[in-house]
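Visitor: Below: sequence and its predicted model.
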Amino acid sequence: MQHDLATDIVAEIKVLLDQAYEGDFSAEDWDHSLGGSRFLGYLENELIAHGVIVSRRIWLNEIEYQVGYLEAIAVLPKYQRQGYGAALLTRLTEYANDNYLVSMLSTDEKEFYRKFGWLDFSGESYVLTHGELVRSADEDAGLMWLPGANSELVELTKAVCEARSGDAW
């Protein structure tokens, strides 16, 4: 029987994400993680950590950027709080810093990300939907950003992303 390595890895990733998000990782969430730079963490041939940085067009303070957006950050529950998430986020943050003028993410685990230099977003967020700006105030508190190595941004007062299926941010 021949195995398709890509199919096997995708299946492993989906199992990890399902466990880490306690069954709350949707097909739309999966779609948001496609097309980026994927980071996988293995321990003794077991996939235990996963994260993706995708490029998204986002307007910050009225200027369009290709933003590195973190998606699907996860560690298997039995390996959480053992430093594997920190190792993953260290590498993701280095990559974001080196490859994007600015990166962003949405989380309810802000204290964790702050340890790696991520900053709280203190502005107003919007979603561009059918040519109209729609205020997404409920997302403001979860947004964080990271200026890249060559960024001159010191404050974000407004962020606009394009609408997408599922969570816009």
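Guide: Great, that's in hand. None of these values were measured; they are calculated from a predicted model.
Visitor: could you pull out the helices for this protein?
Guide: Remark: helices assigned in the chain by DSSP state H are 5-20, 27-32, 84-99, 110-114, 137-140.
Visitor: can you list those helices in CSV and add mean pLDDT and distance to residue 65?
Guide: (C-beta placed from N, C-alpha, C; glycine too.) Output for the helices of the chain, formatted as CSV (pLDDT from 0 to 100; distance: least, CB to CB, whole Å):
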stretch, mean pLDDT, distance to residue 65
helix 5-20, 92, 27
helix 27-32, 96, 18
helix 84-99, 98, 12
helix 110-114, 97, 19
helix 137-140, 97, 18
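Visitor: Return the set of residues that bridge with the most centrally placed residue in the chain.
Guide: The C-alpha lying nearest the average C-alpha coordinate of the chain belongs to residue 70 (CA atoms, centre = their mean; 1.6 Å). Residue 70 has these beta-bridge partners by DSSP bridges: residue 53.
Visitor: cool, and residue 103?
Guide: residue 68, residue 146.
Visitor: Contact partners for it?
Guide: By CB atoms under 8 Å, 6 or more residues apart in numbering, residue 103 lies in contact with 53, 67, 68, 69, 70, 96, 97, 145, 146, 148.
Visitor: so can I have TSV of those showing distance to residue 169?
Guide: Shown next, in TSV, are those (distance: CB to CB, whole Å):
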residue	distance to residue 169
53	15
67	11
68	14
69	9
70	11
96	16
97	21
145	12
146	15
148	19
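Visitor: Check these against residue 115 and report the nearest one.
Guide: Ranked by distance to residue 115 (CB to CB), those are led by residue 146 at 12.3 Å.
Visitor: Got phi/psi on residue 100?
Guide: The phi/psi pair for residue 100 (degrees, to the nearest 10) reads phi -140, psi 150.
Visitor: Now do it against residue 134, distance only.
Guide: For residue 100, the distance to residue 134 equals 25 Å [CB to CB, to the nearest Å].
Visitor: Same question for residue 38.
Guide: Distance of residue 38 to residue 134, computed by CB to CB: 30 Å.
Visitor: Burial check on residue 25, number of neighbours?
Guide: Residues lying near residue 25 (other CB atoms under 10 Å) number 18.
Visitor: Let me see the contact set for residue 99.
Guide: Neighbouring residues of residue 99 by CB under 8 Å, 6+ apart: 37, 53, 68, 148.
Visitor: Let's see the pLDDT reported for the residue nearest to the centre of the chain.
Guide: pLDDT for residue 70: 98.
Visitor: Is it correct that it is in contact with residue 53?
Guide: Yes. Checked against CB atoms under 8 Å, the pair residue 70 and residue 53 is within contact range at 5.8 Å.
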